[in-house]
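Peer 1: Give me coordinates for this.
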Amino acid sequence: MKKLASFFIAIILSVLLANCKSKEKKQDFTALTKSYFDDKNALNPLGATQNGQYEYNDQLQFEMTDGYRKDQANFYDKYGAALATIDEKKLSEEEKNSYEIIKWEVGVGKELLKQPTNLMPINQFEGTHLTIGQFAGGTSAQPFKTEKDYTDFLKRMDKYSVWIDSAMVYMKKGMAKGVVLPKALTEKVIPQFAGMATPKIEDNLFYSAIKLMPASFSDETKKDLTAKYMATINEKLVPQYKKMADFLKNQYLPASRTTSGIGSFPFGAALYATYVKQWTTTEMTPDEIHNLGLKEVARLNAEMEKVKTQVGFKGTLAAFFDEVRNKPSLKPFKKPEEVIANFEKIYARIKPNVDKLFSLQPKTKFEIRRTEAFREKTASAEYMAGTADGSRPGIFYVPLPDVANYNLYGDEDLFLHEAIPGHHFQISLQQENTTLPDFRKFNWFGAYGEGWALYTESLGKELGMYQDPYQYFGMLGNEMHRAIRLVVDTGIHSKNWTREQAIQYSLDNEAESEASIIAEIERYMAIPGQALSYKIGQLKIMELRKKAETKMGAKFDIKKFHEKVLESGVMPLDLLDKKINNWINESK
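Peer 2: As a prediction, this is how the structure comes out:
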């Protein structure tokens with residue numbers, strides 16, 4: 001009996017020990033995900049502020065410097081080594097997703113560091129100089145509620161004045177090696193800097209927060225902060241903006257390249273392949289994507305022909321594009337407020353139908369706003385995420401630089417994509433999910449995030465939209481726009497297409513205005529590969545929905561499908577494929 005008792009005690013001890021080791025492993029992995037998030041925020045403090053991680057509000061990354069890139073390399077090495085210590089088999093399904101996401105990010109991050117992308121630290125579409133300008137407006141992600149908030153941004157402004165010098169240093173290195181922006185992009189960047197050197201400090205964007213100071217601040221505090229902001233703007237920022245504008249105009253513009261794509265660089269093919277991988281989260285080649293784009297353009301052209309016939313237009317499709325571009329009834333607005341009011345009406349019509357498709361919906365509030373004046377001329381309509389704590393709503397920004405020529409034919413579709421149930425649903429639900437580690441709550445994969453938003457455009461009729469054939473044509477037009485991106489982005493960066501060639505291809509296949517198309521093509525020139533993410537992600541989600549409907553038959557529930565796609569947040573498409581296929585198999 002004693003031997004038998006000892007035997008059972010040994011078994012119990014071994015089980016307890018195994019459980020302890022399993023818990024220790026899980027604690028190790030939980031700690032790993034936490035430190036991964038903290039280190040990511042430290043490397044990207046502007047992103048941290050956007051995500052509501054306010055402990056980094058006085059910091060600024062110098063992303064172009066050799067020292068910063070060394071820190072990035074150390075970060076990837078650290079977490080590559082840390083993952084190797086984790087027994088993936090003992091992780092839960094959601095923890096396995098976290099493991100694979102970190103592994104994927106480390107791998108792509110290392111690949112990107114192989115190329116001298118830091119020699120082109122600015123462009124007209126995105127970057128530190130635009131993000132900090134948006135923060136300076138006082139109504140964006142940077143909070144201005146306490147005295148500390150104001151002093152935090154003062155420190156950030158001070159660092160930013162130095163950042164401008166660092167950008168020029170690395171741009172000069174780029175000039176020496178021929179790694180420079182295309183001339184067309186440099187021409188767009190010059191006014192972004194020149195326009196910030198305002199004659200009157202009170203008119204400067206960085207003075208905006210002073211005008212918004214809380215009434216609760218004492219007169220002494222207000223006076224002190226005003227003096228400090230004025231000094232920083234006058235003595236540091238304005239001179240630096242002038243210096244950069246002069247440098248861009250007199251030195252950088254003459255040295256800018258005449259080619260449009262990064263394929264013209266010796267390292268261009270390798271870099272573009274990495275960008276394609278980063279933005280699509282697939283192993284697809286530029287050629288495969290280009291050919292897919294051509295097929296999608298042909299399919300959508302056929303659908304557009306049907307609408308043209310429906311409205312009784314007798315000319316060619318190209319002529320119908322011109323008709324839609326210029327039709328006075330599609331340009332009814334005289335004031336910016338009227339455009340915003342129209343989006344509010346769209347929102348009101350969608351609301352009653354959302355419950356039919358979504359059981360999982362966010363709590364984060366939502367607003368529609370006009371894009372700030374300082375970036376309105378070069379901005380696209382976009383969504384800025386709110387914060388999970390409710391301190392900032394999700395915001396749908398609409399640029400209105402020329403209201404008289406604003407065409408509403410794509411507005412219903414645009415709202416579905418940028419707002420509800422597109423980006424606002426997906427990003428807010430991800431941030432609100434308390435079961436996800438923080439690094440996933442605030443993560444982004446373009447193929448999933450933009451793919452989801454493009455997929456939601458196809459839900460318009462189910463949500464009470466597209467009853468007007470021109471609005472349905474707007475949906476087809478926006479999908480065509482994303483299909484064209486597959487062709488022109490790969491064309492520019494892997495097939496030596498010129499800017500003009502890409503513009504003409506777009507004009508031939510969509511109804512967007514020429515000015516809008518030029519801005520879009522220049523966007524693709526500035527951010528290679530990003531434009532591919534939309535269509536690749538949308539096609540994957542639609543493929544998975546069709547598969548679920550076919551295999552599950554009467555058991556298929558559209559609300560459950562949307563819940564399964566959204567519940568775990570963004571991830572590479574292979575992981576989403578695996579997740580949905582597991583759900584289909586389990587339902588059997």
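Peer 1: From residue 510, how far out is the residue nearest to residue 335 when sequence neighbours are not counted?
Peer 2: Leaving aside its sequence neighbours, residue 335 sits nearest to residue 403 (C-beta to C-beta, 6 or more residues apart in numbering; 6.4 Å). C-beta: built from backbone N, CA, C; applies to glycine. Between residue 403 and residue 510 the computed distance is 22 Å (C-beta to C-beta, to the nearest Å).
Peer 1: out of those two, which sits in the busier spot?
Peer 2: residue 510 (26 against 15; other C-beta atoms under 10 Å).
Peer 1: quick one: the strands in the stretch 351-500 of the chain?
Peer 2: Counting by DSSP state E, counting those that start in this stretch, the stretch 351-500 of the chain has strands at residues 366-370, 382-384, 394-398.
Peer 1: Just put these in a markdown table and tack on mean pLDDT, mean neighbour count and distance to residue 143.
Peer 2: Formatted as a markdown table, the strands of the stretch 351-500 of the chain follow (pLDDT from 0 to 100; neighbours: other C-beta atoms under 10 Å; distance: least, C-beta to C-beta, whole Å):
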| stretch | mean pLDDT | mean neighbour count | distance to residue 143 |
| --- | --- | --- | --- |
| strand 366-370 | 95 | 16 | 16 |
| strand 382-384 | 92 | 18 | 14 |
| strand 394-398 | 96 | 23 | 15 |
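Peer 1: Next up, the contacts around residue 225.
Peer 2: Residues near residue 225 by C-beta atoms under 8 Å, 6 or more residues apart in numbering: 147, 150-151, 154, 210, 213, 217.
Peer 1: State the helix or strand in which it lies.
Peer 2: Assigned by DSSP states H and E, residue 225 belongs to helix 219-232.
Peer 1: distance between that helix and the chain's centre?
Peer 2: Chain-centre distance of helix 219-232: 35 Å, with C-alpha atoms, centre = their mean, to the nearest Å.
Peer 1: which is the next helix or strand following it?
Peer 2: Following helix 219-232 in sequence order, the next helix or strand is helix 238-247 (DSSP H and E).
Peer 1: Against residue 587, how distant is the residue nearest to residue 335?
Peer 2: Remark: distance between residue 403 and residue 587 (C-beta to C-beta) = 50 Å.
Peer 1: got the angle for the one helix or strand residue 166 maps to vs helix 219-232?
Peer 2: In this structure, residue 166 is located in helix 147-177 according to DSSP H and E. Orientation check (axes from the mean of the first three to the mean of the last three C-alpha atoms, to 10 degrees): helix 147-177 against helix 219-232 gives 10 degrees.
Peer 1: May I see the buried residues of helix 147-177?
Peer 2: If you call a residue buried by 16 or more other C-beta atoms under 10 Å, then helix 147-177 has these buried ones: 147, 149-150, 152-154, 156-161, 163-164, 166-168, 170-171, 174-175.
Peer 1: and the residue nearest to the spatial centre of the chain, what does it touch?
Peer 2: Nearest to the mean C-alpha position of the chain, by C-alpha atoms, centre = their mean, lies residue 446 at 6.5 Å. For residue 446, the contact set (C-beta under 8 Å, 6+ apart) comprises 279-281, 530, 533-534, 537.
Peer 1: again, but for residue 98
Peer 2: 29, 33, 91, 437, 439-440.
Peer 1: do you know how far it is from residue 36?
Peer 2: 9 Å.
Peer 1: what do you get for residue 437?
Peer 2: 8 Å.
Peer 1: Those two: which is more packed in?
Peer 2: Higher neighbour count among residue 437 and residue 36: residue 36, with 24 against 21, using other C-beta under 10 Å.
Peer 1: before we move on, back to that, Throw the contacts of residue 98 into TSV and include pLDDT, thanks.
Peer 2: What follows is the contacts of residue 98, written out as TSV (pLDDT from 0 to 100):
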residue	pLDDT
29	97
33	98
91	96
437	97
439	97
440	97
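Peer 1: Between those residues, identify the one with the most neighbours.
Peer 2: Neighbour counts for the contacts of residue 98 (other C-beta under 10 Å) peak at residue 29, which has 25 neighbours.
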